[in-house]
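A.B. asks: Build the 3D model from these lines:
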Amino acid sequence: MELRQLKYFVKTAETLNFSEAARALFVTQSTLSQQVRSLEQELGVELFQRDSHSVALTESGEHLLPVAKRTLQDAELCFTQISDLRQMLSGVLNIGISYTFAPVLKEAVMEFTKQYPGVRLNVICRTMGELLDLLKRREVDFVLCFKPNILDDEIESHILFDNQLSVIVSSNHPLADRKSLAISDIMPYRIVMPARETQARNAFELYFPGVTDKLNVVVEINEVNVLLDLVRSTQMVTFLSEATLYQKGGLVAIPIEAPNTQMEGCVHTLKKVYRKRAADEFIRILSTTNAVQERANGWLK
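C.D. replies: Next up, the predicted model:
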């Protein structure tokens, strides 16, 4: 049994399509089929039920899948640990970030790629829930997003910087000079709302239950740069973390007059799991950037 065969089996099991799996693995379909057949012959069982229209896992295939995934993860971990011990920072570092966390990442990415050109960064933007699921499946090495409302026993969260949910308006908006705003101050204005499942939207509905339905929401969007462009170019109002405006001109973040509107920026890692040296280096570099130091939480100082 070879790791390559397990890799081919896992990808086919995930896609349930030999053609799609072959494309994802950059091999021919005949090569993929031959390797899966060889694995089945070695194990003495069929792993897939095949017909002209569909592919499905057999009972044996269902049993092998989680074992094969763990085996591949352990093999990758072995390679990573040996490489790290030899101080050869190379390979791939997979980073998950939420959409509104992205603005604070630029400086760290530039510095990391300068110091460690041998490491390829794979940065994945998703919602917080999707990112934490990727982390638990070990598809990313760590996640940068705001602190979730409900903590997960498998995940360790370190506060990277202090932050809060704010009202975001253009710098020439009638409210732009205000030091703080109550929800009642915002009622007369049209609202661009972060889409459902984004952290800013989840935070707003947690802190202000039932208020969304009373606002004049004219747009909902999950792409933060488009959202900010709309607010910058109009008299519309939105709600995002204050850190989202880092190095974004023409916009103002105004605190909301309410208790507990914190949205702490966090680094999330799996508990009791080996962390790549490259991950530690990236987090160290990120913690020294201006974007983070301006808001740094005590554990970094």
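
A.B. asks: all strands of this structure, in order?
C.D. replies: Along the chain, counting by DSSP state E, strands occupy 48-50, 55-57, 91-98, 119-126, 142-146, 155-161, 165-170, 190-194, 216-221, 238-241, 251-255, 265-270.

A.B. asks: want to throw those into JSON lines with mean pLDDT, distance to Ala13 and mean neighbour count?
C.D. replies: To be clear about C-beta, it is placed using only N, CA and C from the backbone, and glycine gets the same treatment. Shown next, in JSON lines, are those (pLDDT from 0 to 100; distance: least, CB to CB, whole Å; neighbours: other CB atoms under 10 Å):
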{"stretch": "strand 48-50", "mean pLDDT": "90", "distance to Ala13": "8", "mean neighbour count": "15"}
{"stretch": "strand 55-57", "mean pLDDT": "92", "distance to Ala13": "6", "mean neighbour count": "16"}
{"stretch": "strand 91-98", "mean pLDDT": "90", "distance to Ala13": "21", "mean neighbour count": "20"}
{"stretch": "strand 119-126", "mean pLDDT": "91", "distance to Ala13": "22", "mean neighbour count": "16"}
{"stretch": "strand 142-146", "mean pLDDT": "91", "distance to Ala13": "25", "mean neighbour count": "25"}
{"stretch": "strand 155-161", "mean pLDDT": "88", "distance to Ala13": "26", "mean neighbour count": "19"}
{"stretch": "strand 165-170", "mean pLDDT": "95", "distance to Ala13": "41", "mean neighbour count": "24"}
{"stretch": "strand 190-194", "mean pLDDT": "95", "distance to Ala13": "36", "mean neighbour count": "20"}
{"stretch": "strand 216-221", "mean pLDDT": "95", "distance to Ala13": "35", "mean neighbour count": "14"}
{"stretch": "strand 238-241", "mean pLDDT": "93", "distance to Ala13": "39", "mean neighbour count": "27"}
{"stretch": "strand 251-255", "mean pLDDT": "94", "distance to Ala13": "46", "mean neighbour count": "19"}
{"stretch": "strand 265-270", "mean pLDDT": "91", "distance to Ala13": "23", "mean neighbour count": "22"}
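
A.B. asks: Mind putting the ones you listed into CSV with distance to Leu228?
C.D. replies: Formatted as CSV, these follow (distance: least, CB to CB, whole Å):
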stretch, distance to Leu228
strand 48-50, 47
strand 55-57, 44
strand 91-98, 15
strand 119-126, 15
strand 142-146, 17
strand 155-161, 20
strand 165-170, 7
strand 190-194, 9
strand 216-221, 10
strand 238-241, 8
strand 251-255, 6
strand 265-270, 18
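
A.B. asks: Mind checking those for the one nearest to Ile82?
C.D. replies: strand 91-98 (11.2 Å; CB to CB).

A.B. asks: in its sheet, what does that closest one sit against?
C.D. replies: strand 119-126 (parallel), strand 142-146 (parallel) (DSSP bridges).

A.B. asks: between the strands of the chain, which one is nearest to Ser19?
C.D. replies: Using CB to CB, the strands of the chain put strand 55-57 closest to Ser19, at 10.0 Å.
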